[in-house]
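>>> build me a model from this:
(chains A and B)
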There are 2 protein chains.
Amino acid sequence: MALIVQKYGGTSVGSVDRIKNVARRAIKWAEAGNQVVVVVSAMAGETNRLIALAREIQPEPDPRELDVVAATGEQVTIGLLAMALKSLGHDARSYTGFQVGVHTDSAFTKARIESIDEQRIRADLDGGRIVVVAGFQGLDAQGNITTLGRGGSDTSGVALAAALGADECQIYTDVDGVYTTDPRVVPEAAKLPSITFEEMLEMASLGSKVLQIRSVEFAGKYRVRLRVLSSLTPWDLPLEQERNSGTLITFEEDQTMERAVVSGIAFARDEAKITVVGVPDRPGIAYQILSAVGQANIEVDMIVQNQSVDGFTDFSFTVGRNDYARTLAILKSEVQGHIGAKDVIGDPKACKVSIVGVGMRSHAGVASTMFRTLSEEGINIQMISTSEIKVSVLIDEKYLELAVRALHRAFDLDAQPAA
Amino acid sequence: MALIVQKYGGTSVGSVDRIKNVARRAIKWAEAGNQVVVVVSAMAGETNRLIALAREIQPEPDPRELDVVAATGEQVTIGLLAMALKSLGHDARSYTGFQVGVHTDSAFTKARIESIDEQRIRADLDGGRIVVVAGFQGLDAQGNITTLGRGGSDTSGVALAAALGADECQIYTDVDGVYTTDPRVVPEAAKLPSITFEEMLEMASLGSKVLQIRSVEFAGKYRVRLRVLSSLTPWDLPLEQERNSGTLITFEEDQTMERAVVSGIAFARDEAKITVVGVPDRPGIAYQILSAVGQANIEVDMIVQNQSVDGFTDFSFTVGRNDYARTLAILKSEVQGHIGAKDVIGDPKACKVSIVGVGMRSHAGVASTMFRTLSEEGINIQMISTSEIKVSVLIDEKYLELAVRALHRAFDLDAQPAA
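Purely as a prediction, here's the structure:
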């Protein structure tokens, strides 16, 4: 008998009919002999409605009280889903975060899970019940209600799977798995039957929105077997077919011998590039530049510093486009004179394209294939940044689609399984 | 320094603007040197919305899960009110039923409060905070979420006042106090500056909707000083004026020496009368008749049995009009033949009018004044039932307004304080 944690997002529970379908699907897994825990989000639109209400009262809502209000969204869903399960004849019980002891730190609106008391859930499972748990929420050491931030229900699902030692954590979303790249940009994008955790982490952090990155990190840390599935398939799809329809996130690289060198192409729009020109090359310069930016709560993504020539170097980094003007102003007024740089320049219209794949480790020439492909398309590379399993380039945003399509073809991803 | 518990109902917190006014009012009391705990209901309409959603899933919602869903209404209000208080510069903190340990039994949708852990609230009060608590909800010994049933927030307020030993529990509603009778029926109805607990209990159980009857019983049991006030007065009304604008529910009868003999006229519409005719007068008959009705979950109100003549008696009682046809059918099919009664007859168009007053105890002739007044108006009395401090009569529903107005005049209630 396997223990499965299923997580359904806001769209999947967005209406009474969809909640009933979630109930039917969960019962299908339970009646096949599995113990089933279901973690749910608030009904689509509900969290936004609650936050808007809070903002009417207080434009910058008090974080503790905002969590009190926001946590009600998931609480409504768990009650409704438990009713749906019961009305279909399967015993069920719902629990809020506090009822199953989802302990978090006290960082309201973005809390992190520290532990979960799983005894109560286990007792219900042993009693033949389907257990429904509210995602996104917990309580801190003082008993205050906390929420995990947007997308936090993924993390709740993975954390519960870890606490229960579940055989699998199934994340049901409105996409049906992880693709080689965004199918809206490349119609030939293929679904990956599996992807490694490291690849998934890079894909997630590079802008692939399928899974919340914290949930992937959590799954990696506690070695939770994670599967992304579509909640849009018919609920009565045979079990094996449903299982194979998604993407499994694995710990082993060797699942297929003929693994592609590059697994996918990720991209992030709305990047902006800043360059501090003619920086005297001495220790502490990078810190001085980035600490001024960090103090303004601006998040920095790619960072590149070249070898210095004649004691001067250029220091470049990217920020979100919304932060461009502010970043430029801070550097010009607070940093440029202080560190003796010649100028601060930038380009607010950049985007980042990355190739990701654990196969890169053992295959030379992957980066150069990338650079050649882009050059053949006449695309100029503005910045390059690499890790063990990915190569990212910053390019003019007008070339985004062209670059992604060309790379998808160049790395033979178009030809992937027509499963 | 006084400790005050204020309770605001759904209409009083029915919009963002009204929530802000509740915050201003609570701050006014706090800044006058009081410790203030505020208990709130769900925003008007919210509980109905949640129950309707539940019924879409399951026509007879599972009671445990219905409570999980319904309890979110109050949770939203407490968060919003705490934000409003903070945005006005007063420190505040919200608590759900589980966070302040409102322990109840496990009777989902109509649970009863057993105890409250008041330490946490006290610590906040000592820290200068206004404490906001969700009404209507608690948790049972197994940690399940429970609700107290409709109007349960009144009971939450009184229970908190009892647990904290509050100096006063102020129930803010959309009426401004307790009247001698319903002002919609008698425009000359006067507001009572005070009323005794026993009178309030009779008035509440007889259909005066100002306070939920359980909350009055609770206040009586724990001797909580209760005051009904209007949330529709300007929030910046001077404190003493606000205090005097409502009705105080007292334990002492002697607060005014010149107390009226009758304090108020209560009435209940939509009653129906049933009479089992020609019942052999032997022990157990009343039980046999009423147990059949009770087993069908039909609530019986007035019960009258006359002295028997020639070994036979008539047994009459009233039920809500909605239950009339069903009651008649049950008695005819299951009871009449069994007990050897001659007939079962009834009248679905009755109403009940009652005079209430602790002064009756020491004043003879109150009932006869009532009967004479009704007779002068040509109103026939169908049934009479009395307690120590009230006399109720059942009459044809078409005479309701006439009877109430005539009695209001006859007992000099029109002339009461034009305060």
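>>> contacts for the helix-or-strand element of chain A with minimal mean pLDDT next, please.
When the helices and strands of chain A are compared on mean pLDDT, DSSP states H and E, helix A:197-205 comes out lowest with a mean of 82. Helix A:197-205 is contacted by residues A:178, A:195, A:210-213, A:216-217, A:219-220, A:249-251, A:263-264, A:266, A:354, A:356-358, A:387, A:389-390 when judged by Cβ atoms under 8 Å, 6 or more residues apart in numbering or on different chains. Glycine gets a C-beta too; all of them are placed from N, C-alpha and C.
>>> number of nearby residues for whichever residue of the stretch 201-350 of chain A sits closest to chain B?
Going by Cβ to the nearest Cβ, chain B is nearest to residue A:235 of the stretch 201-350 of chain A, at 15.7 Å. Residue A:235 sits with 17 neighbouring residues when counted by other Cβ atoms under 10 Å in any protein chain shown.
>>> quick one: contacts of stretch A:37-47?
Against stretch A:37-47 from outside (Cβ under 8 Å, 6+ apart): A:3-15, A:19, A:22, A:26, A:50, A:70, A:73-74, A:76-78, A:81, A:121, A:125, A:130-136, A:153, A:156-157, A:160, A:164, A:166.
>>> on that earlier part again, residues contacting the residue of the stretch 201-350 of chain A closest to chain B?
A:21, A:22, A:24, A:25, A:28.
>>> residue A:28 contacts residue A:240, doesn't it?
No: look at residue A:28 against residue A:240 with Cβ atoms under 8 Å: they stay out of range, at 12.0 Å.
>>> any idea how far residue A:158 is from residue A:381?
Counting by Cβ to Cβ, to the nearest Å, the separation of residue A:381 from residue A:158 is 36 Å.
>>> again with residue A:178
16 Å.
>>> between those two, tell me which one has more neighbours.
Remark: of residue A:178 and residue A:158, residue A:158 carries more neighbours, 30 against 24, as counted by other Cβ under 10 Å.
>>> that one belongs to a helix?
Yes: with DSSP: H, G, I helix; E, B strand; the rest coil as the criterion, residue A:158 is part of a helix.
>>> ok, which stretches of the stretch 151-300 of chain A are strands?
A:168-173, A:194-196, A:226-230, A:247-250, A:264-280, A:300-305 (DSSP state E, counting those that start in this stretch).
>>> related to what we said a few turns ago, of the contacts of helix A:197-205, buried ones?
Taking 16 or more other Cβ atoms under 10 Å in any protein chain shown as the criterion, what is buried in these is A:178, A:195, A:210-213, A:216-217, A:219-220, A:249-250, A:263-264, A:266, A:354, A:356-358, A:389-390.
>>> grab the nearest non-local neighbour of residue A:179.
residue A:189 (4.4 Å; Cβ to Cβ, 6 or more residues apart in numbering or on different chains).
>>> quick check: residues of chain A near chain B?
Neighbours of chain B within chain A, by Cβ under 8 Å from any Cβ of the partner chain: A:16, A:19-20, A:50, A:53-54, A:56-58, A:61-62, A:64-69, A:71-72, A:75-76, A:78-80, A:82-84, A:86-87, A:93-94, A:96, A:98-99, A:120, A:143-145.
>>> among those, name the ones in strands.
When DSSP state E defines the strands, the subset of those inside them is A:93, A:94, A:145.
>>> which ones are touching the residue in the stretch 101-250 of chain A that chain B sits nearest to?
When scored by Cβ to the nearest Cβ, the stretch 101-250 of chain A has residue A:143 as its residue closest to chain B, at 5.7 Å. Going by Cβ under 8 Å, 6+ apart, residue A:143 touches A:98, B:99, B:120.
>>> in the stretch 251-400 of chain A, what residue spans correspond to helices?
A:285-295, A:324-330, A:336-339, A:366-376, A:400-410 (DSSP state H, counting those that start in this stretch).
>>> deepest of the ones you listed, which one?
helix A:400-410 (a mean of 19; mean count of other Cβ atoms under 10 Å in any protein chain shown).
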